[in-house]
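Novice: Okay, sequence plus prediction incoming.
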Amino acid sequence: MKCSLYVLIAFILFGCAKEEEVNNTPEKVGISRVVVFPTIETNGNRLVILNQGATYTEAGATAKLGEETAQYTTEGTVNTATPGVYDLTYTAANPDGFTASDFRTVVVIGNDVTANDLSGTYLRAATGVTSTWTKTAKGVYTVENPGGASVGVGLTAIAVNYTGNKIAIPQQISPDFGLVSSGSEDYNPTPPATIKYSLFAGGYGTALRTFVKQ
């Protein structure tokens, strides 16, 4: 009987206890603090190619914390008087120290490459597969299969001959391979002309690749 009485009292005390009120705000859900992560997106093109001496206009980026516009920092500078590949990184952060970044690459094409023409088909001896370079502007090329990988891989990238015999595949986004780039390497025009570079792209190794013009 006593046991039943204790159970009944416990039921009344705890069963009738008032539920704790949960107050949600933009900053909290109950007692948990809401963390809003930053987002950032580069304005305009991620790859900009200019001739030496041209004017570069910085388009910046758009950073947000939730729906609110946020501040961001920019790492890197561009000097259009000097040919080169310039990488800019835009970074936004929240009060907790979480960050988000995006990028832009600006290529300054030197006046000294006007007469250069790297167009042609190049064989990668390591695979027996060719890569084709097509000139689209001074110092600018579209490269089919820059990895010299098995036929049908399907990667196409933009490469630049930005000064002298210096070449590079500047940072760019491929729909199928993500971020694509290469180191800055040399083109050797002495017959048979050769191109050497390491390719950085999803699914590719980073070993030095050597191509000989056919």
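Specialist: Good, I have the coordinates. What you are looking at is a predicted structure, and each value in this text was computed from that prediction instead of being measured.

Novice: Pull up the pairing partners for whichever strand or helix holds residue 158, direction included.
Specialist: Element membership for residue 158, per DSSP states H and E: strand 156-163. Looking at strand 156-163 with DSSP bridges, its partner strands are strand 140-144 (antiparallel), strand 166-168 (antiparallel).

Novice: any idea of the mean pLDDT in the helix or strand hosting residue 186?
Specialist: Counting by DSSP H and E, the element that carries residue 186 is strand 185-188. Averaging pLDDT along strand 185-188 yields 93.

Novice: And it, how far out from the chain middle?
Specialist: Using C-alpha atoms, centre = their mean, to the nearest Å, the mean C-alpha position of strand 185-188 is found 24 Å from that of the whole chain.

Novice: Can you check the pLDDT for the nearest residue to residue 99 once chain neighbours are set aside?
Specialist: Spatially, and ignoring its direct neighbours in sequence, residue 99 is nearest to residue 93 (4.7 Å; C-beta to C-beta, 6 or more residues apart in numbering). Where C-beta positions appear, they are placed from N, C-alpha and C, glycine not excepted. pLDDT, residue 93: 97.

Novice: Next: residue 153.
Specialist: pLDDT, residue 153: 69.

Novice: swap in residue 5?
Specialist: For residue 5, the model assigns a pLDDT of 36.

Novice: thinking again about what came up before, would you mark the buried spots in the strand holding residue 186?
Specialist: The neighbour-count check on strand 185-188 (16 or more other C-beta atoms under 10 Å) flags 185, 187 as buried.

Novice: Who does that strand pair with, and is each partner parallel or antiparallel?
Specialist: Partners of strand 185-188, by DSSP bridges, with direction: strand 166-168 (antiparallel), strand 194-200 (antiparallel).
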